[in-house]
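Colleague: Structure for the following, please:
(chains A and B)
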Number of protein chains: 2
Amino acid sequence: VSGSGRSSWDDPRDVVASKRDGNEIPGDALRSFVLGYARGEIPDYLAAAFLMAAFVNGLSRRETAELTRAMVASGSTLPLSGVSGPKVDKHSTGGVSDGVTLVFAPLAASLGLAVAKLSGRGLGHTGGTLDKLESIPGFRTRLSPEELERQVEAIGCAVVGQSEDLVPADGALYALRDATATVPSVPLIASSVMSKKLVVGTDLILLDVKAGSGAFMKTPEAAAELAEVCMQLAADWGRRARAAVTDMSQPLGRAIGNALEIAEAVRILRGEERGSLRELAVAFAGEAVAALQGRQLREGRAAAEEALDSGRAAGSFARMVQAQGGDPKVVDDPWSVLPSAPVRLELAVPGPGLRYIEATDAEALGRAAMSLGAGRVRKGDPIDPAVGVEFLAKVGDGVEEGETIAVIHARDQDRARACAVLVLEALRLSDRPVPPPPLIHGWHQASEGSP
Amino acid sequence: VSGSGRSSWDDPRDVVASKRDGNEIPGDALRSFVLGYARGEIPDYLAAAFLMAAFVNGLSRRETAELTRAMVASGSTLPLSGVSGPKVDKHSTGGVSDGVTLVFAPLAASLGLAVAKLSGRGLGHTGGTLDKLESIPGFRTRLSPEELERQVEAIGCAVVGQSEDLVPADGALYALRDATATVPSVPLIASSVMSKKLVVGTDLILLDVKAGSGAFMKTPEAAAELAEVCMQLAADWGRRARAAVTDMSQPLGRAIGNALEIAEAVRILRGEERGSLRELAVAFAGEAVAALQGRQLREGRAAAEEALDSGRAAGSFARMVQAQGGDPKVVDDPWSVLPSAPVRLELAVPGPGLRYIEATDAEALGRAAMSLGAGRVRKGDPIDPAVGVEFLAKVGDGVEEGETIAVIHARDQDRARACAVLVLEALRLSDRPVPPPPLIHGWHQASEGSP
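Modeller: The predicted structure follows:
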């Protein structure tokens, strides 16, 4: 079979051999393979060989679309027909201190848009929105489709767990990719991301494609490639979509850790904190308002700024928390509700004089927080919602000896000190001023009208 | 892990990610991975991802040696210290109608050499020596190491099944390769072949590396590459070795099928049949005599020719069959011992006039015989020893309309007729004379004195 060149495609090894040899797999054969895997008829080892062949030799645009089509066909859809307003979905490819969804969902709701956000859990050094929300005691992330629609219709937003019958092939393939070192592949990520967006009935898909040390895509160029492939898929499905390639060379916000990130999101929703996280949430909300309410981008952004500064966005968050079983007091007094860690270690800038933050390794900081228990190595590992790192400085900032650069929130002194070493290792200082990196590298959009 | 670039090699996914990215894996990490797989600690899907990455990105000479070293370390060895004469091993990478081992082992024994041959079963379109021998009723291929040594010491040769505790990692990896379309890779084949030769204590390793439509290596160039990698491994271990790259663009002998191939081997051992199969057996025997008995290659070949024509080689075969539980009458009157098929269909050359055999697709002929039940699709499938195809013409032969070109031995008329279609499809005729292909493309040898 595998060495012969002939192929009837009845043997699933022929699909793998074709990709192994750099050939394009016929649509039907690829679809049968993926659906066969989702049904448990193709063994893990053969799917693993396929994933590695696809990783190394790539997938064509047609193959990527067919893979995505098979993922979509593997489960049910969520039409959201019970939601009357203009619906927007927003997804991040994953980064460190990436609380944009926590801010965006209530912010967009406060602007008259509807956000039914299906989120995932964190794995490795990037946090998961569900884990963060579950640091609010009582917060429920499992809602039935009916509950979800009812909540979004009533208060404009909901953030819930990805339902397992939506794209079961993706759940199975993603776990296998994680186990076989085949995660960071553009077509595999694109089909995973977009299949989960395409099954939900929304009017606009917004993607935040992260680029830098803390992201799967290490460079803006690689992230732009991923953004383009995702936009092609949106266009293939006739869906309206925009993607921003954004900086993940340093953590987006200041907080890395679950309750810490909720507290930070609250500060932003209350208009109390500026910075990259607010800026990005406003940029996405502005895009959504412009695209779905027929307004200028400038107007959309201004409306978003106003919703944060007036407290209206915070009100939407409080309603969402209450609707999902949490205590809405988290908006007025976060630490009266959120769990906090017993040990708090302030980390000061070492060495003499004024210097500048030249680089902070976002992935290393994510791993530092993981070392405290804030993240999980393996699916299903427990996490500690209270622990984490607040990293206060941004690339380009001038810092002086003794200035507090980070606060470590830990279970005990030993872990705090071990984490401090990791945090300092993630930091590079320069004697000369350093320009801050751009937050948004560029926007991409799906060509509309097709097909 | 998989996207980060850092690696402590504690996570076996790092080994896979390294090969995925085209990097060389450190020896210790590769060794732990392979031995971990052999012990069942590395799951099939992760090993499958490794195999595909190695297939597509290749393995360096150092990695191939390390992989082979791990395979050798995975099990026990067979020193053959109880065998006193000069010991030679011969292995073919697998072809259609490849009965060389059946002839070589008794031929070498009749020349004073010792051959303890560990053979495999057939899979796909290539036959296995064990399956062929087991078409002799009563023939035992499971001998203990002690029985094996005693038989070789007494009569000069034995052909037995590969023991499972010799190179367990190879057994496991080969089954996984077969299941994941990662068989035809030069370094993976080389380490599989050579690990099984290196654990046996012999004075000379002879390899027959097949090239052509009926072999894993489709071209003489690819086969030469495999031969060179095998010879490098032999040199790394300080072992004496020779490899011939030989033609497998057409079946080597005339018979394709288990009992049919035994009958053909008997004809050659009795000096009754000329042709490529005899020629190749003589070439290997000549090399062995020259290398191990300090004689000229020409003298070695002449001695082999004489052993066939005098019947001495046939006598060794009869003794081997008897020692392993079969009826030695198979040498005097094969079909009084071997099972024969009830249906015999002669296939004539279609169309008018004198024409020439331009090409015969060895793999297609192998599959035609498989369609009768002579081979197996999956490991463990039963095979029918009696059925098969005798394909009488060789590339370059002139054939006339109505001349018998093949005889099909089948269980029933329907299968015989279906097979006839496959046989005719495997044949290409030309109006103009066609030169026969060379039988031996070239010889390779391990550089001696190293390491």
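Colleague: Now do the buried residues in stretch A:321-341.
Modeller: Neighbour-count burial for stretch A:321-341 flags A:321-324, A:326-328, A:330-331, A:334, A:337-338, A:341 (criterion: 16 or more other CB atoms under 10 Å in any protein chain shown). No exception for glycine: its C-beta is placed from N, CA and C like everyone else's.
Colleague: helices and strands of chain A: which one has the lowest mean pLDDT?
Modeller: The least trusted helix or strand in chain A, going by mean pLDDT, DSSP states H and E, turns out to be helix A:168-179, with a mean of 91.
Colleague: tell me which strands and helices the helix or strand just after that helix is in contact with?
Modeller: Going down the chain from helix A:168-179, the next helix or strand is helix A:186-198, by DSSP states H and E. Under the contact definition 3 or more CB pairs under 8 Å, 6 or more residues apart in numbering or on different chains; DSSP states H and E, helix A:186-198 sits against helix A:44-57, helix A:61-73, strand A:88-92, helix A:168-179, strand A:204-211, helix A:220-236.
Colleague: Tell me which of those lies nearest to B:Ser371.
Modeller: Nearest to B:Ser371 among the helices and strands packed on helix A:186-198 is helix A:44-57; the distance by CB to CB comes to 24.7 Å.
Colleague: Give the buried residues for that closest one.
Modeller: Buried, per 16+ other CB under 10 Å, within helix A:44-57: A:44-56.
Colleague: on contacts alone, who are the packing partners of it?
Modeller: Against helix A:44-57 (3+ CB pairs under 8 Å, 6+ apart) you get helix A:12-20, helix A:168-179, helix A:186-198, helix B:12-20, helix B:44-57, helix B:168-179.
Colleague: can you give me how far that helix is from the chain middle?
Modeller: Distance of helix A:44-57 from the chain centroid (CA atoms, centre = their mean, to the nearest Å) equals 24 Å.
Colleague: Need the contact partners of that helix.
Modeller: The contact list for helix A:44-57 (CB atoms under 8 Å, 6 or more residues apart in numbering or on different chains) reads A:12-13, A:15-16, A:19-20, A:22, A:33, A:37, A:173, A:176-177, A:179-180, A:182, A:185, A:187-188, B:16, B:20, B:43-49, B:51-53, B:56-57, B:176, B:179-182.
Colleague: What's the ChimeraX line that selects buried ones from those?
Modeller: For the buried members of the contacts of helix A:44-57, the matching ChimeraX selection, counting by 16+ other CB under 10 Å, is:
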select /A:12,13,15,16,19,20,33,37,173,176,177,179,180,182,185,187,188 /B:16,20,43,44,45,46,47,48,49,51,52,53,56,176,179,180,181,182
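Colleague: Can you give me the neighbour number for A:Leu226?
Modeller: By other CB atoms under 10 Å in any protein chain shown, 27 other residues sit near A:Leu226.
Colleague: what about it, distance to A:Glu287?
Modeller: 18 Å (CB to CB, to the nearest Å).
Colleague: residue contacts, the residue of the stretch 201-350 of chain A found nearest chain B?
Modeller: Closest contact between the stretch 201-350 of chain A and chain B, by CB to the nearest CB, is at A:Phe216 (5.3 Å). The contact partners of A:Phe216, by CB under 8 Å, 6+ apart, come to A:93-94, A:183-184, A:189, A:210, B:3.
Colleague: Closest to A:Arg62 out of those?
Modeller: A:Ile189 (17.5 Å).
Colleague: That closest one and B:Asp14, how far apart?
Modeller: With CB to CB as the criterion, A:Ile189 and B:Asp14 are 20 Å apart.
Colleague: same question, A:His409
Modeller: 30 Å.
Colleague: quick one, which of those two is more surrounded?
Modeller: A:His409 (26 against 20).
Colleague: Quick one: neighbours of the nearest residue to A:Ala291 once chain neighbours are set aside, just the number.
Modeller: Closest residue to A:Ala291 apart from its sequence neighbours, by CB to CB, 6 or more residues apart in numbering or on different chains: A:Leu204 at 5.2 Å. A:Leu204 has 20 neighbours, counted by other CB under 10 Å.
Colleague: Please name every helix or strand in contact with the least confident helix or strand of chain A.
Modeller: helix A:27-38, helix A:44-57, helix A:61-73, helix A:186-198, helix B:44-57.
Colleague: Just want the angle from it to helix A:27-38.
Modeller: Calculated by axes from the mean of the first three to the mean of the last three CA atoms, to 10 degrees, helix A:168-179 forms an angle of 80 degrees with helix A:27-38.
Colleague: so who does the nearest residue to A:Gly138 once chain neighbours are set aside touch?
Modeller: In space, and not counting its chain neighbours, A:Gly138 is closest to A:Gly325: 4.5 Å by CB to CB, 6+ apart. Contact analysis of A:Gly325 by CB under 8 Å, 6+ apart lists A:138-140.
Colleague: Secondary structure class of A:Gly325, three-state.
Modeller: coil (DSSP: H, G, I helix; E, B strand; the rest coil).
Colleague: Now do the phi/psi pair for it.
Modeller: phi 100, psi 0 (degrees, to the nearest 10).
Colleague: One more: A:Gly161?
Modeller: Here A:Gly161 shows phi and psi, under degrees, to the nearest 10, equal to phi -70, psi 150.
Colleague: Which strand residues bridge it?
Modeller: A:Ser119 (DSSP bridges).
Colleague: From what I see, it and A:Leu130 are in contact.
Modeller: Yes: counting by CB atoms under 8 Å, A:Gly161 does reach A:Leu130; the two are 5.6 Å apart.
Colleague: Could you name every residue contacting both of these two?
Modeller: Residues touching both A:Gly161 and A:Leu130 (CB under 8 Å, 6+ apart): A:119-121, A:141.
Colleague: Chain B contacts on the stretch 251-400 of chain A?
Modeller: Residues of the stretch 251-400 of chain A lying near chain B by CB under 8 Å from any CB of the partner chain: A:Glu363.
Colleague: that's a helix at A:Val407, yeah?
Modeller: No: counting by three-state DSSP, one finds A:Val407 to be strand, located in no helix.
Colleague: For it, give me its contacts.
Modeller: Going by CB under 8 Å, 6+ apart, A:Val407 touches A:344-347, A:389-390, A:392.
Colleague: Could you tell me how many residues sit around the closest residue to A:Val399 other than its chain neighbours?
Modeller: Leaving out its chain neighbours, the residue that sits closest to A:Val399 by CB to CB, 6+ apart is A:Val349, at 4.7 Å. A:Val349 has 21 neighbours, counted by other CB under 10 Å.
Colleague: now A:Val349: how far from A:Asp397?
Modeller: Distance of A:Val349 to A:Asp397, computed by CB to CB: 10 Å.
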